[in-house]
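[1] Mind looking at a prediction? Sequence and model below.
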Amino acid sequence: MPAERGGTLDLDASSLFTPITVRGMTLPSRFVMPAMQRSWCRDGRPSGFLGPYYRRRVEGGAALVITEACAVDHPSSTQVPQFGWITTETESAWRACVDEVRDGGGKIFIQLWHEGAIRKEGGDGPYARHPTLSPSGLAHAGRPSGRAATQRELEEIRDAFVRGAEIAERIGAAGVEVHACHGYLLDQFLWRATNQRQDEYGGDDIRDRARFPAEIVRAIRSAVSDGFVISLRFSQWKEVDYEARIVESPDELQAMLKVFRDAGVDLFH
């Protein structure tokens, strides 16, 4: 533990300023700006000031920027027009953000995301009539929302994540971050309270509940180049439940991480 001297911590932070190489990406330091939802998009396209905003963070010292959550190209992903979408229609706008970061000397990941049972149904958007999909039709314990996704729908969602990763590589991103945290779709598979499935994607074993998110990672790994980085973000807590746990022990955590590592994850966030 760092010793306290005169009200300050005697902490050696020099390693934060050293380079690190992950797969095909080398960063000059360990400073990363994580994904934060700013709601600066319109119909999935980032606004004109989002790219310069990212660039200023790189010029200020962040070696890597992770974009806000970008919904994958599936009608069940989200209906919020202020959130990002990663599709062929929004590709050029996201390319402008990537170019800003690269011109500023930094690297950028696109975060791939699906709301799952948190998504609201109805409304007047283009996907208002599409059902909200999740592992078991539960937003959290005791709160039904939408319905359980079929095997075919899960395959379609998996393919949407892959298309998002392919677009991210095409526009020059250094990698993607797969969003599996905070109570959204892939986290709903990991969380026993929201995953009540009786097929190979559910059950008491975390390795079974991690199967679908791992299939997404494996499919992305097969579709992108060898130097393209895959990060996975996960969390114990949920926005609806700060006491939630997806694993109950270090051994269970190790088992889950091995599933994802074997599938092709390079970084855990």
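    Done, it's in. Numbering: from 1, shown residues only.
[2] all contacts plus neighbour counts: C-alpha atoms, from now on.
    Noted.
[3] How about residues contacting stretch 143-151?
    117-118, 121, 131-139 (C-alpha atoms under 8 Å, 6 or more residues apart in numbering).
[4] ditto for stretch 120-128
    Here stretch 120-128 makes contact (C-alpha under 8 Å, 6+ apart) with 75-76, 78-79, 129-132, 146.
[5] again with stretch 243-263
    Under C-alpha under 8 Å, 6+ apart, the answer for stretch 243-263 is 190-192, 206-207, 210-211, 214-215, 217-218, 221, 235-238.
[6] how far away is residue 28 from residue 160?
    Residue 28 is 32 Å from residue 160, where distance means C-alpha to C-alpha, to the nearest Å.
[7] One more: residue 180?
    To residue 160, residue 180 is 15 Å away according to C-alpha to C-alpha.
[8] hang on, the earlier thing: which one's more surrounded, residue 28 and residue 160?
    More neighbours surround residue 160 than the other of residue 28 and residue 160, with 24 against 17 (other C-alpha atoms under 10 Å).
[9] so is that one in a helix, a strand, or just coil?
    Following DSSP: H, G, I helix; E, B strand; the rest coil, we place residue 160 in the helix state.
[10] in stretch 51-61, what's buried?
    51-52, 54-55, 57-58, 61 (16 or more other C-alpha atoms under 10 Å).
[11] quick one: which of these is nearest to residue 92?
    Distance to residue 92 across the buried residues of stretch 51-61 (C-alpha to C-alpha) is lowest for residue 51, with 12.0 Å.
[12] what's the longest strand in this structure?
    In the chain, ranked by residue count with DSSP state E as the criterion, the top strand is strand 229-238.
[13] got the angle between the helix or strand immediately after that strand in the chain and strand 229-238?
    Per DSSP states H and E, the first helix or strand lying C-terminal to strand 229-238 is helix 250-263. Using axes from the mean of the first three to the mean of the last three C-alpha atoms, to 10 degrees, the direction of helix 250-263 lies 150 degrees away from that of strand 229-238.
[14] quick revisit: which of the contacts of stretch 143-151 fall within strands?
    Under the assignment DSSP E, the contacts of stretch 143-151 contribute 133-134, 138-139 to strands.
[15] Output the residues you listed in TSV, with distance to residue 230 and neighbour count appended to each entry.
    What follows is those, written out as TSV (distance: C-alpha to C-alpha, whole Å; neighbours: other C-alpha atoms under 10 Å):
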residue	distance to residue 230	neighbour count
133	24	28
134	23	30
138	28	23
139	26	27
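[16] Out of the residues you listed, the closest to residue 226 would be?
    residue 134 (30.7 Å).
[17] what separates the closest one from residue 163, distance-wise?
    Residue 134 sits 20 Å away from residue 163, going by C-alpha to C-alpha.
[18] what about the strands in the stretch 1-150 of the chain?
    With DSSP state E, counting those that start in this stretch, the ranges of strands along the stretch 1-150 of the chain come out as 3-5, 8-10, 20-22, 25-27, 32-33, 41-42, 45-46, 64-71, 84-85, 107-113, 133-134, 138-140, 143-144, 147-148.
[19] among the ones you listed, where is the model least confident on average?
    The minimum mean pLDDT among those belongs to strand 3-5 (a mean of 54).
[20] quick revisit: what angle separates the longest strand of the chain from strand 64-71?
    Angle, strand 229-238 to strand 64-71, by the same axes, to 10 degrees: 70 degrees.
[21] Alright, I will stop here.
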